[in-house]
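Visitor: Okay, here's the prediction I keep looking at, along with the sequence it came from:
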Amino acid sequence: MEFYIRQGASDPILKMKIIDDGKNDKSSFNDLLENSDITFDMTEHKTGEPVILNSTCSLTTRTKKYNHTTDEYYILYRFTEEQTANIGKFEGKITVQFLDSDSNPTTKLILPVKEKLFINIF
């Protein structure tokens, strides 16, 4: 997945849809998602040098209006002007740390799952 943003910009917002692969009970997965810590990391593509570490993401939903029973979930990340100061190609990773009812970490999910996320600052 390729994402493009201008140097020194904070828009557009990085938006990733959480896709239901059919392997999980969607309603319980959504409940887990709402009680989780979601962070964003970005490294320089060629060197692997970290640029952003554990920066907080937000979670939003889009209510389906027709014959769908559950909402769609999206993870959002807004870059700061300082984070986009340098031109280049970077690799992004979103980590979802699920928490139990006492806010203790349980399992961890790293996104995207199927393909790498590349951030291109131009």
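Guide: Perfect, I can see it now. The shown structure was predicted, so the numbers you read here are calculated from the model rather than taken from an experiment. Numbers count the residues shown, from 1 in each chain.

Visitor: Can you tell me the element N30 falls in?
Guide: helix 26-34 (DSSP states H and E).

Visitor: average pLDDT across that helix?
Guide: Helix 26-34 carries an average pLDDT of 71.

Visitor: go on, stretch 105-122?
Guide: Averaged across stretch 105-122, pLDDT comes to 90.

Visitor: and S58, how many residues sit next to it?
Guide: Using other Cβ atoms under 10 Å, the number of residues around S58 comes to 11. Bear in mind the C-beta positions are built from the backbone N, C-alpha and C, glycine included.

Visitor: distance of the residue nearest to the spatial centre of the chain from G8?
Guide: The centroid of the chain falls nearest to I94 when counting by Cα atoms, centre = their mean (4.2 Å). Distance of I94 to G8, computed by Cβ to Cβ, to the nearest Å: 23 Å.
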